[in-house]
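Student: From the sequence below, what's the structure:
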Amino acid sequence: MKIAILSRNARLFSTARLVEAARARGHSVRVLDPLRCYMRIAANRFQVHYKGRELRGVHALIPRIGASISFYGTAVVRQFEMMGVATANGSDAILRARDKLRALQLLAREGIDLPATVFGDNPDDTRDLLDLLGEPPHVIKLNEGAQGQGVLLAERRAAGQGMIEAFRSLYANFLVQEFIAEAEGADLRCFVVGERVVAAMRRQAPDGDFRANLHGGGTATAVEATAREAEVAVRAARVMGLGIAGVDLLASSRGPLVLEVNSSPGLEGIEQASGVDVAGAIIEYVEGLAIPGASRGDRRARRRGPKYEDGR
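Tutor: You can find the predicted model right below:
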């Protein structure tokens with residue numbers, strides 16, 4: 001099978017591990033910089049070219065699309081979809097998960113619990129907006145931030161109002177959420193592949209911080225997700241339409257809460273903490289998507305996930 005991995009850098013740990021796992025299972029694999037892919041679109045005729053040559057014969061695609069290139073990267077994924085290539089994470093699913101507000105709205109509609117969240121635009125509504133959450137602390141985060149960047153903790157109402165004013169002055173879209181104190185600066189990353197959690201790790205924020213992201217200095221330990229946690233993580237990935245997802249959960253007095261669903265979760269932290277061959281599980285899942293003889297329509301149906309997107 002011929003597998004293409006969309007990644008800006010073939011030397012990144014996650015990309016290199018996927019290449020290694022694919023070759024170990026006897027597949028031909030190529031890493032493509034999505035920004036070097038260009039497309040021709042005509043009636044019933046879709047082409048992708050790469051560095052002067054047309055790409056043909058790709059059976060499966062694994063997108064590793066960074067937040068900074070979401071628009072162009074997902075356009076490339078969509079083009080491959082139009083060509084009938086089996087895609088681990090579809091273009092619409094990536095965009096759905098990348099927009100934190102949209103993702104939370106979709107999750108909440110399906111009854112998946114999450115930190116109470118408020119969103120508003122007009123400065124005249126800020127006081128009432130914060131009243132909807134109750135007393136601080138409050139977490140203020142950029143709608144399209146990643147790896148803990150653009151996430152702030154306001155321990156007092158005046159501080160929260162000041163942060164909100166600062167974000168608004170930059171014309172940034174942001175959310176405000178309740179602070180889950182009982183999580184004690186830890187979250188649970190569940191790595192979902194297909195319909196199961198293949199690995200999990202508990203991430204702990206460094207002293208003096210509440211963000212547990214490993215890029216921000218957090219530490220990770222291997223854990224086994226409970227049946228309830230695994231169920232919530234798989235449901236969250238399914239609602240987003242993602243075949244591969246990193247679902248971050250917070251422990252709370254009312255059960256596990258979905259903090260975020262990541263469409264391009266890193267492999268380094270989870271593999272090193274858990275000892276699980278996550279890359280191998282991803283390749284095995286992709287093999288199932290690109291079943292020889294499956295019709296193009298069958299493959300598209302499998303990639304789409306839920307039958308709905310923003311409406312029933």
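
Student: Contacts only, for Ile94.
Tutor: Contact partners of Ile94, counting by C-beta atoms under 8 Å, 6 or more residues apart in numbering, are Pro63, Ile65, Ser70, Gly73, Thr74, Val77, Leu242, Ser263, Ser264. Bear in mind the C-beta positions are built from the backbone N, C-alpha and C, glycine included.

Student: For stretch 45-63, list every residue counted as buried.
Tutor: Phe46, Val48, Tyr50, Leu55, Val58, His59, Ala60, Leu61, Ile62, Pro63 (16 or more other C-beta atoms under 10 Å).

Student: Please apply the same query to stretch 166-179.
Tutor: Residues of stretch 166-179 classed as buried: Phe167, Arg168, Phe174, Leu175, Val176, Gln177, Glu178, Phe179 (neighbour count, 16+ other C-beta under 10 Å).

Student: Roughly how far does the residue nearest the centre of the chain sit from Leu32?
Tutor: When C-alpha atoms, centre = their mean is applied to the chain, the residue found nearest the centroid is Asn262 (1.6 Å). Using C-beta to C-beta, to the nearest Å, one obtains 21 Å as the distance from Asn262 to Leu32.

Student: Check Arg40 too.
Tutor: 16 Å.

Student: Same drill for the two, tell me which one is more crowded.
Tutor: Taking other C-beta atoms under 10 Å, Arg40 and Leu32 do not tie; Leu32 has more neighbours (21 against 11).

Student: ok, now which ones touch that one?
Tutor: Contacts of Leu32 (C-beta under 8 Å, 6+ apart): Ala4, Ile5, Leu6, Ser7, Tyr50, Leu55.

Student: Name whatever forms a beta bridge with Asn89.
Tutor: For Asn89, the beta-bridge partners under DSSP bridges are Leu242.

Student: Verify the stated contact: it with Val261.
Tutor: No - applying C-beta atoms under 8 Å, one finds Asn89 not in contact with Val261, separated by 11.0 Å.

Student: what residues do those two have in common as contacts?
Tutor: Contacts common to Asn89 and Val261, judged by C-beta under 8 Å, 6+ apart, are Leu242, Ala245.

Student: what residue ranges in the stretch 1-150 of the chain are flagged as low confidence?
Tutor: Applying pLDDT under 70 to the stretch 1-150 of the chain flags residues 145-149.

Student: which is the next helix or strand following the helix or strand where Thr15 lies?
Tutor: For Thr15, the host element (DSSP states H and E) is helix 13-24. As assigned by DSSP H and E, the chain's next helix or strand after helix 13-24 is strand 28-32.

Student: Show residues contacting the helix or strand that that following strand is followed by.
Tutor: Scanning forward in sequence from strand 28-32 by DSSP H and E, the next helix or strand is strand 37-42. If you take C-beta under 8 Å, 6+ apart as the criterion, strand 37-42 is touched by Leu6, Phe46, Gln47, Val48, His49, Tyr50, Leu55, Ala75, Val76, Gln79.

Student: May I have strand 37-42 as CSV, with CA atoms only?
Tutor: Below are the C-alpha coordinates for strand 37-42, written out as CSV (Å, rounded to 0.1, in the frame of the first residue of the first chain):
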residue,chain,number,x,y,z
CYS,A,37,1.4,20.4,-2.8
TYR,A,38,-0.6,22.3,-5.5
MET,A,39,-3.9,21.4,-7.1
ARG,A,40,-5.8,21.4,-10.3
ILE,A,41,-9.6,21.3,-10.0
ALA,A,42,-11.9,20.6,-12.9
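
Student: Leu55 reaches Phe46, doesn't it?
Tutor: No - if you go by C-beta under 8 Å, Leu55 and Phe46 don't touch, sitting 10.9 Å apart.
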